[in-house]
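# Quick one: sequence and predicted model below, then my questions.
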Protein chains: 2
Amino acid sequence: MSLNLEDIAKLAGVSRSTVSRVINDRSDVSESTRKKVMRIIDEHNFRPNLAARTLVTQRSKVIGTLLPQSPTALSSLYFPNLLEGIGDTTHQRDYATLLWWGQSGEEEQRFTKRILQKNQLMEGLIIAAHTLDNSLIQRIFETKIPFVMVERPAIFNDQINYVTVDKVAGAKTPVEHLINLGRRRIGHITGILVNVDGMDRLTGYRNALERHNLPMDPDLIVEGHFNQKFGYLGMKQLLKQGVDAVFAGNDDSAVGALQALREARVRIPADVALVGFDDVTSALDFAPQLTTIHQPIRQKGALATALLLDLIEGKVKSPQHILLPTHLVIRQSCGA
Amino acid sequence: MSLNLEDIAKLAGVSRSTVSRVINDRSDVSESTRKKVMRIIDEHNFRPNLAARTLVTQRSKVIGTLLPQSPTALSSLYFPNLLEGIGDTTHQRDYATLLWWGQSGEEEQRFTKRILQKNQLMEGLIIAAHTLDNSLIQRIFETKIPFVMVERPAIFNDQINYVTVDKVAGAKTPVEHLINLGRRRIGHITGILVNVDGMDRLTGYRNALERHNLPMDPDLIVEGHFNQKFGYLGMKQLLKQGVDAVFAGNDDSAVGALQALREARVRIPADVALVGFDDVTSALDFAPQLTTIHQPIRQKGALATALLLDLIEGKVKSPQHILLPTHLVIRQSCGA
DNA sequence: AAATTAATCGGGAACGCTCCCGAAAATATT
DNA sequence: AATATTTTCGGGAGCGTTCCCGATTAATTT
């Protein structure tokens, strides 16, 4: 039904090979025939069959992106920002992205199976699924398909490509900032603690307290889920314990906490100071503006993808580790 | 480097065809040889080359999903929910999804070109890009690739497959609800007015006022962007005009409005009642809970995808229109 | 003008699969 | 026991490209 190279060749009065050369922008074809062929191609809106091309070149120009179970994942601006970064690079380098996000309730087994089944199509993987458990990383690792993790994995640290930000330092900075402002009872609403990301932030919190010889009260640490709801609930709990400052695991948690504070008619930052993490505040720029740690999420996505494509194209070799810096953004909620 | 059918066949002592039969789960192969072949396949972790299969079958089991420019698009829970629905169906029917989200600043021309270039790979398209302009719809339409729009397009209404919800009625209901509760100066923070979706909600608002013989004060209509920021700014503006109720174009706008109301120490719902639209409140379940119009977003994604796959598989034929119902969810913010 | 080199092009082979058709083997029927 | 039928399997052809190699033509050099 649709045309192929041979058809175009016939119409243009040249050979299949010549048409192929034109399409692939080869140099060994005269300007006149190139024009002639081009005209026919445009006229018929011809597009080469990608399956055939992939079959012979072994290149698909398609990568895959793995995201965590959607409800948790996509409720924050973090992933949209990351996707933007991934898009920056794929767009620029003319790749397309197969998106995989685990179905809620789907067993991870089936999830990987689905992915692996299509693995011939994808030349590499961006893995931003922090909830993915280690055995899956292992299985993907075994397939030898190139992949880059966004955020450091819990295992294989040194054998695996990843890009991350310095979170331990990142999480220490905001807490130290609060301490320097005279706060003494600083609560922490954690992230998801089964992943490295959440743990790192907690570690940073602990380090800061320790360093300043402040007591570590376990009641001041409540477990969150990187989302508004648990930020809200966590803050309510912390209010009962009495705090004069809170470090939220991410900005979403902080926004939830903000709601709880307002509801309790607690003044921010006078009574309780608040800092977040991520700086995904584009949608949140209303008062009081959130003091937070900025991490270059979009850039993280872009660099991870660039690394992956370089790996695929053989420009660099595994393993590569990229560490991006973070910095404190002082706004109103911390009282500085 | 990697094995092919012939290799497996040799190892199993059968023919290429037989291996193919086993892989495709055909019936005309004896149980014993099936087992034998299966063992070899598992042992070597063999996966058939998808490009080759696609080349001959003309089927890729891959669809594409078009999302609007990411910053606007992905900042709301709407799209994540939609993606979940799409995932429900693709997962269940064993398809994969190529995701396209316009790069900010990318001209639409280039965007479609990128998509069309890979169109051989995709058997169909889900178009949920409300910002996409009509000429692109036209071009995609011309390629004859099956596609389903989420939300009714501005043109080609009757020739195009789409799934949508009854928004005019949907938007009338909340406003009528507010009127019935005795509110008289009802403001509206609109959605994006260049798309049908935003317009429909505005129309619903107008219809309700008209029907109840309430004056239509243009000052009570402020343009929003379906996001928190513009909800916040819009609400500030409406407060100057004096309102006793507000219908926000979507829940994100409503949350922004909530912030503005709190900041101004306006009581909700005593002084100003508030209703939203979408019911993407999973992350927003803190006080005061938002009265809103529920629309089955996830189901919308799932049905759109199911329709697309049916179209692809020839089970139904174009054009198909699916209209889903909405309903008012009464919580605290409206004062009922 | 002849010989050499460079530019341009055509056709065969291969990529790894599915599908068709016919052959062989196993089973059922007379 | 011979024939007919069914089950099971093998091999050839073809999907639409790219790549290699060799041939033809054009341009350059001697």
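Yep, it's here.

# How many residues are close by A:Asp200?
21 (other C-beta atoms under 10 Å in any protein chain shown). (Glycine included, C-beta is placed from N, CA and C.)

# again with A:Arg262
Neighbour count for A:Arg262, taken as other C-beta under 10 Å: 18.

# and it, what does it touch?
By C-beta atoms under 8 Å, 6 or more residues apart in numbering or on different chains, the contact list for A:Arg262 reads A:268, B:262.

# Remind me which helix or strand it belongs to.
Secondary structure from DSSP states H and E places A:Arg262 in helix A:251-263.

# Quick check: chain neighbours aside, which residue is closest to A:Leu55?
Excluding its sequence neighbours, the residue lying closest to A:Leu55 (C-beta to C-beta, 6 or more residues apart in numbering or on different chains) is B:Ala51, at 4.2 Å.

# What residues of the strand or helix carrying that neighbour count as buried?
Here B:Ala51 sits within helix B:50-57, counting by DSSP H and E. Neighbour-count burial for helix B:50-57, counted by 16 or more other C-beta atoms under 10 Å in any protein chain shown, picks out B:50-55.

# What of stretch A:124-139?
Within stretch A:124-139, the residues that count as buried by 16+ other C-beta under 10 Å are A:124-130, A:132, A:136-137, A:139.

# and A:Val246, helix, strand or coil?
Here A:Val246 is recorded as strand under DSSP: H, G, I helix; E, B strand; the rest coil.

# How many residues are close by the closest residue to it other than its chain neighbours?
Of all residues not flanking A:Val246 in the chain, A:Gly187 sits nearest, at 4.5 Å (C-beta to C-beta, 6+ apart). Residue neighbour count, defined by other C-beta under 10 Å, stands at 27 for A:Gly187.

# A:Gly187 - that's part of a strand, no?
Yes - checked against three-state DSSP, A:Gly187 lies within a strand.

# Is it correct that it is in contact with A:Gly249?
No - here A:Gly187 does not reach A:Gly249: they are 11.2 Å apart, not a contact under C-beta atoms under 8 Å.

# ok, now which ones touch A:Pro215?
The contact partners of A:Pro215, by C-beta under 8 Å, 6+ apart, come to A:Leu209.

# Quickly note the distance from A:Leu178 to chain B.
From A:Leu178 across to chain B, the span is 24 Å (C-beta to the nearest C-beta, to the nearest Å).

# For that residue, which non-adjacent residue is closest in space?
Nearest non-adjacent residue to A:Leu178, counting by C-beta to C-beta, 6+ apart: A:Ala245, 4.5 Å away.

# would you list every one of the strands in chain A?
With DSSP state E as the criterion, chain A has strands at A:62-67, A:96-101, A:125-127, A:147-150, A:161-165, A:186-189, A:221-222, A:245-248, A:273-278, A:291-294, A:321-324, A:327-329.

# one step back: touching, the residue nearest to A:Leu55 and A:Asn49? I think so.
No - between B:Ala51 and A:Asn49 there is no contact under C-beta under 8 Å: 9.9 Å.

# hey, what's in contact with both of those two?
Residues touching both B:Ala51 and A:Asn49 by C-beta under 8 Å, 6+ apart: none at all.

# what does chain A have sitting close to DNA strand C?
For chain A, the contact set with DNA strand C under C-beta under 7 Å from any atom of the strand comprises A:9, A:13-18, A:27-34, A:52, A:55-56.

# same thing but at 10 Å, please
Residues of chain A found near DNA strand C (C-beta under 10 Å from any atom of the strand) are A:5-6, A:9-10, A:12-22, A:26-34, A:36-37, A:51-58, A:120.

# What's the nearest residue in the stretch 201-336 of chain A when you look at DNA strand D?
The nearest approach of the stretch 201-336 of chain A to DNA strand D comes at A:Glu313, 13.4 Å away (C-beta to the nearest atom of the strand).

# number of nearby residues for that residue?
For A:Glu313, the neighbour count with other C-beta under 10 Å is 13.

# give the contact list for the residue of the stretch 51-200 of chain A found nearest DNA strand D.
For the stretch 51-200 of chain A, the residue closest to DNA strand D is A:Ala52, as judged by C-beta to the nearest atom of the strand, at 3.4 Å. Shown in contact with A:Ala52 (C-beta under 8 Å, 6+ apart): B:51, B:55.
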